[in-house]
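*Asks:* Got a sequence here, can you model it:
(3 chains)
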Amino acid sequence: MNAIFAIIRRDLLLAMRRKSEVLTAVFFFVIVVSLFPLGIGPEPALLRKIAPGVLWVAALLATMLGLQRMFAPDHHDGTLEQMVLSPTPLGLLVGGKIAAHWLLSGLPLVLLAPVLGLQFGLDADALGVLMLALLLGTPLLSLIGAIGAALTLGLRGGGVLLSLLVLPLYVPALIFGAGAVEAHISGLGAAGHLSLLAALLALAVFFAPWATTAALRIALE
Amino acid sequence: MTMKENKLVHWFKYASPQSFYPLAGKMIPWFWALTAAFGVAGLWISFFVAPTDAQQGEGYRIIFIHVPTSWMSMFIYIVMAGWAGLGLALNTRLSGMMAQALAPTGALMAFLSLWTGAFWGKPMWGTWWVWDARLTSELILFFLYLGFIALQAAIDDARRADKAGAILALVGVVNVPIIYFSVKWWNTLHQGSSVSLTKSPAMAMTMLWGMLLMALCLWMYSIAVTLMRARAIILEREAHTEWVKVLDEVKS
Amino acid sequence: MLTAHGLTCVRGERRLFAGIDLAVGPGEWLHVRGENGAGKTSLLRLLVGLMHPAAGEIRWDGAAVGELGDEYRRQMLFLGHHGAVKEELTTLENLHFAAALDGAELPEREALAALHRFGLRGREELPVRFLSAGQKRRVLLARLVTRKARLWVLDEPFTALDVKAVDMLSALIGEHLGGGGMAVLTSHQAMPIAGGRVLQL
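*Replies:* Here you go, the predicted model:
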C-alpha cells in the first residue's frame, strides 16, 4: 500500500516542479467552456440548457490532454521498466499512477466546474449535482484513459490515436454525467444517473488497472 | 485423458498458420457459393415476395440490407473479441490474425448499416440522420472498429499489434452493451417516443424471412472475405518461413 | 542460483539466438558479449522477465521465475540503458522514491552514505537535471548499494563512466560477489573482476 502513496506523492511532486502541464489542461478546460457562449450567443435559457453537455465535453477533452503523458515520461526514462520489475505488483503501481492523474487533471475540473457553471446560469442545486457527477465521472475518465495511454505507449501519432481509442469509450460517462445535471434541472431527479455513474466507476476500478497492466507489459516487450 | 489430449493436439494443429492456410483455401469457394445462394434467395424475397408497405411504400425495402448489416456489425465485434481473448489466453498466432482479418469487414458492416440507415431516413423522416438510439450506437461501434484498425496499423511488430488489439477488443466488448444501454437511456430521456427503426408495425413473416436470408448471405460473405484476408495476412507474416516459400502461388 | 536452459529469442521475424544455456551461482558473474544487435540486451531482458523467451526456461534457485513472480523480483535488480532517474527530482529523492516503489524503507543515513560513496557529496539536494551524464550514472550506482538484491543484471553499466567511476563500480561488483551475490552484465571492454565467465552471443 505504501508503494501506491509513494507513487502518488512522486507524481504530484513532479507535477509541482513542471507546473505548466497541469495548468495547461485546466486553462484549456476554462477556455473551451468560455468559447461556447461566444459561438452560440448569450441567451440565458439556451446557455442553461447546453451547460451540462458543454462542461462535460470540455472535461473529456481536458483529461485527454494529460493522458498522453501518463506513462510516456516513465517509459522514456526507464522508470516503467523498474515498475514492472518491482516486487510491488504492477497493478498497484498503475493504480497509483491513475490516482495521481485524477488528482492532477480530474480534481481541478471538479473544483472549477461550479465557477464555470455560474457563467451559464446554473443554480446552486444544479451546480452541486454537476460537481457530484464530475466527482464520480472524472475518475472513470482517468481509469478508461489509462488503458488507451498504455496501449498507445511509444507509438507514432500516439496522441491522435489515443483520442480515437478513448473518446468512444467515454460515451457512457458523458451521457450519465451530463444527463444527471439535465435530469436534475428538468425535475426528474439525478439519483438514477448518479448511481449508474457510480456503478460504472466500480466496474472500471476493478477492470481498468488490469487491462492497463496487461497493455503496459505488451508495450515493454 | 489421452483422447482429450488427442483432441487438443488436433485443434492446435489447425491453429497453426501452416495447416490453416490450405484448409481456408479449400473452404473459401464453398462460402462464396453459399453467399450467392442465400443472396439470391434473400434478394428475391425482399424485392418480389415481400409486400409493399402500406405506410412506407417501396422505400422500406432497404431494411433488408440495413437490419442484417447492423446485426453483422455487432456479431462480428463479438467474434473478433472472442478470437482476441483466445489469442491472449492460449498465445496462438492464428487468433490475432483472425481478429485482424475480421476488423475491416466489421467496420464495413457498421458503415453500410449507417449508410443504409441514412438512405432509409431521408424518405421516411425527411432527414438523413436522426439521433436514434440504434443509429447512434452503431456510429460508436463504427468508431470502435476504426480505433482497433488504427491501433493495429500503428504498431509495427505484428505480435505486439495482435496483443494490444486483443486488449482493446476485450475492453470494447465489455463496453459495447454499456454504450448501447446508455445511448438508449439518453435517447428515451431526450426524445420520448421517437421514431425507431424496429417499431415497424407487426413485421410480416415474409419480411423476417427476407432479413434472415440476407443475414445468412452476409454471414457467409463475412466468413469468405475474412478467410481470404487471413490467408493474405498469413502469407505476409510468414513470408520468411520455408513452407510459404514452396507454395505454388508464391513461387510463380 | 540463476539457471537458464535452451533460451531462444525471436524479435519480429528474426531469430536473435537459440539454445542458450547458462548458470550463475553465488559469487559468480557472467559477462555477456557479442556484436551490436547480437541480442545482449534481449538476453538480459529475458532473464529479468521483461520479455518472454520463444523457447526455453529460466529458473531461480530451481524454481521457474514465472511462478516465483514477486519473490524473484525482490531478489533481483536490473539496470537498463535508461537510468530510471527523474530529472526534476533531487538525487536523494530519486533514491527514496525508487526504494518506496519497491515497497522498501530507505533510511536517510543509508541513502546519504551511498551518494557520498560515489562522489555525489554536496549534490544530495540538487535536481538530477543539473548533473553531468557521468554523475547521473553514479546515482544509479548508489541505487545498486541501497537496493539489496542478490542478483544484479546490468546492461552496459560502464557506459559514460570516467576511470575513477569504473574502478568504483568494479570494486562494488567485487564486493557484491564476495558477499555471495551474483551478476550478469554486458560490456564491450574486458573487466578486471575475478570469478567471471564469458557468454559469447
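
*Asks:* name the element residue C:22 belongs to?
*Replies:* strand C:14-24 (DSSP states H and E).

*Asks:* Taking chain A, what residue is nearest to chain C?
*Replies:* When scored by CB to the nearest CB, chain A has residue A:78 as its residue closest to chain C, at 2.8 Å. (C-beta placed from N, C-alpha, C; glycine too.)

*Asks:* Show me what the longest helix along chain C is packed against.
*Replies:* Among the segments of chain C that qualify as a helix by DSSP state H, the longest is helix C:163-178. Packing partners of helix C:163-178 (3 or more CB pairs under 8 Å, 6 or more residues apart in numbering or on different chains; DSSP states H and E): helix C:133-146, strand C:182-186.

*Asks:* That helix vs strand C:182-186, what angle?
*Replies:* If you take axes from the mean of the first three to the mean of the last three CA atoms, to 10 degrees, helix C:163-178 sits at 140 degrees to strand C:182-186.

*Asks:* which parts of helix C:163-178 are buried?
*Replies:* Residues C:165, C:168-169, C:172-174, C:176-177 are the ones in helix C:163-178 that count as buried (16 or more other CB atoms under 10 Å in any protein chain shown).

*Asks:* Which two among those are spaced furthest apart?
*Replies:* C:165 and C:177 (18.6 Å; CB to CB).

*Asks:* Can you report how many residues neighbour residue C:121?
*Replies:* By the criterion of other CB atoms under 10 Å in any protein chain shown, residue C:121 has 10 neighbours.

*Asks:* Over to it. Which of the three states is it?
*Replies:* coil (DSSP: H, G, I helix; E, B strand; the rest coil).

*Asks:* element containing the residue lying closest to it once chain neighbours are set aside, please.
*Replies:* The shortest distance from residue C:121 to any non-neighbouring residue, by CB to CB, 6 or more residues apart in numbering or on different chains, is to residue C:115 (7.0 Å). Per DSSP H and E: residue C:115 is located in helix C:108-117.

*Asks:* Show me what that helix is packed against.
*Replies:* Secondary-structure packing of helix C:108-117 (3+ CB pairs under 8 Å, 6+ apart): helix C:91-101, helix C:133-146.

*Asks:* can you give me the angle it makes with helix C:163-178?
*Replies:* Using the same axes, to 10 degrees: helix C:108-117 against helix C:163-178 is 130 degrees.

*Asks:* Mind listing what's buried along helix C:108-117?
*Replies:* In helix C:108-117, counting by 16+ other CB under 10 Å, buried: C:111-112, C:114-115.

*Asks:* do stretch A:11-24 as well
*Replies:* Those would be A:11, A:14-15, A:22, for stretch A:11-24 by 16+ other CB under 10 Å.

*Asks:* hang on, residue B:140 packs against residue A:174?
*Replies:* No - counting by CB atoms under 8 Å, residue B:140 stays clear of residue A:174, with 10.9 Å between them.

*Asks:* Please tell me how far the most centrally placed residue in chain C sits from residue C:11.
*Replies:* Centroid check for chain C by CA atoms, centre = their mean gives residue C:154 as the closest residue, at 2.8 Å. According to CB to CB, to the nearest Å, residue C:154 and residue C:11 sit 21 Å apart.

*Asks:* coming back round to it: can you give me the neighbour number for the residue of chain A closest to chain C?
*Replies:* Around residue A:78 there are 18 other residues, counting by other CB under 10 Å.

*Asks:* circling back: relative to helix C:133-146, how tilted is the helix holding residue C:115?
*Replies:* For helix C:108-117 against helix C:133-146, the angle by the same axes, to 10 degrees is 140 degrees.

*Asks:* what about residue C:22, neighbour count?
*Replies:* 17.

*Asks:* check contacts around it.
*Replies:* Neighbour list for residue C:22: C:2-4, C:7, C:30, C:199 [criterion: CB atoms under 8 Å, 6 or more residues apart in numbering or on different chains].

*Asks:* for the residues you listed, which one is nearest chain B?
*Replies:* Nearest member of these to chain B, counting by CB to the nearest CB, is residue C:7, at 17.4 Å.

*Asks:* ok so the closest one is a strand residue?
*Replies:* Yes - under three-state DSSP, residue C:7 falls within a strand.

*Asks:* Verify the stated contact: it with residue C:43.
*Replies:* Yes - with contact defined as CB under 8 Å, residue C:7 reaches residue C:43; the gap is 7.2 Å.
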